[in-house]
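>>> Sequence below, structure please.
(chains A and B)
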Amino acid sequence: AQSVTQPDIHITVSEGASLELRCNYSYGATPYLFWYVQSPGQGLQLLLKYFSGDTLVQGIKGFEAEFKRSQSSFNLRKPSVHWSDAAEYFCAVGAQGNKLVFGAGTILRVKS
Amino acid sequence: EAQVTQNPRYLITVTGKKLTVTCSQNMNHEYMSWYRQDPGLGLRQIYYSMNVEVTDKGDVPEGYKVSRKEKRNFPLILESPSPNQTSLYFCASRDRLAADSYEQYFGPGTRLTVT
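Reported below is the predicted structural model:
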């Protein structure tokens, strides 16, 4: 069965520092991969997605993610974090049954 | 504006009192689904619908019902809510016919507390 692992439950970074959130997936075929962000008390916003082609994907708010098939990873990066990036981030993979399988989420805290 | 709406946004109820959470989308999407979000578990699919009158169970369907009588609406029904159904619920939709796309559009969420 498809699964997504986000190894880090919480991450704290200083404002202006770089960020990398890890995501590993389990899926037999070419995966459809997503990163969503959920700000406190808000719904889910799509940051970026990967279906095929270039393995480095650009998203909104200055985020990017790199698909590495050999490592079954789809890590999210941002070169310089802003305080407004504090939120919970979810990695997801499109799976059989027309659903998204989500990771448990990573809560990002930003220190000023 | 293309959107998925849910009502109510917040609901506190008591064990056993039937409730319905409505979901509506204005994008003419065939596919709709319900997820619940719990701390440390991410989002898990409850039910989904491929089109009108076509519904199927997701990963955690116990204690829930759905119906799809109109394309735009996909209500979630809790016939006899229990405290373990206290959660944050999201409705989502997507264009099933879009090429190579699992991208789903999410509603704002409904926070349900069952006491």
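>>> And the residue of chain A that's closest to chain B?
Chain B sits closest to A:Gly94 of chain A, with a gap of 2.9 Å, by CB to the nearest CB. For every residue, glycine as well, the C-beta is placed using N, CA and C.
>>> Run through the bridge partners of that residue.
According to DSSP bridges, the residues that bridge with A:Gly94 are A:Leu100.
>>> Tell me who's in contact with it.
For A:Gly94, the contacting residues are A:Pro31, A:Tyr32, A:Leu33, A:Phe34, A:Leu100, A:Val101, B:Tyr102, taking CB atoms under 8 Å, 6 or more residues apart in numbering or on different chains as the criterion.
>>> For A:Lys78, grab the count of nearby residues.
21 (other CB atoms under 10 Å in any protein chain shown).
>>> pLDDT wise, what is it at?
With respect to pLDDT, A:Lys78 scores 98.
>>> which secondary structure element contains A:Phe90?
Secondary-structure assignment from DSSP states H and E places A:Phe90 in strand A:87-95.
>>> Does A:Ser73 touch A:Ser26 like I think?
No - in this structure, A:Ser73 is not within contact of A:Ser26 by CB atoms under 8 Å, at 11.2 Å.
>>> gap between the residue of chain A closest to chain B and B:Glu103?
A:Gly94 is 8 Å from B:Glu103, where distance means CB to CB, to the nearest Å.
>>> Just the buried positions in the helix or strand hosting A:Leu47, please.
Counting by DSSP H and E, the element that carries A:Leu47 is strand A:44-50. Buried residues in strand A:44-50, defined by neighbour count with 16 or more other CB atoms under 10 Å in any protein chain shown: A:Leu44, A:Leu46, A:Leu47, A:Leu48, A:Lys49, A:Tyr50.
>>> Before I go, just wanted to say thanks for your time.
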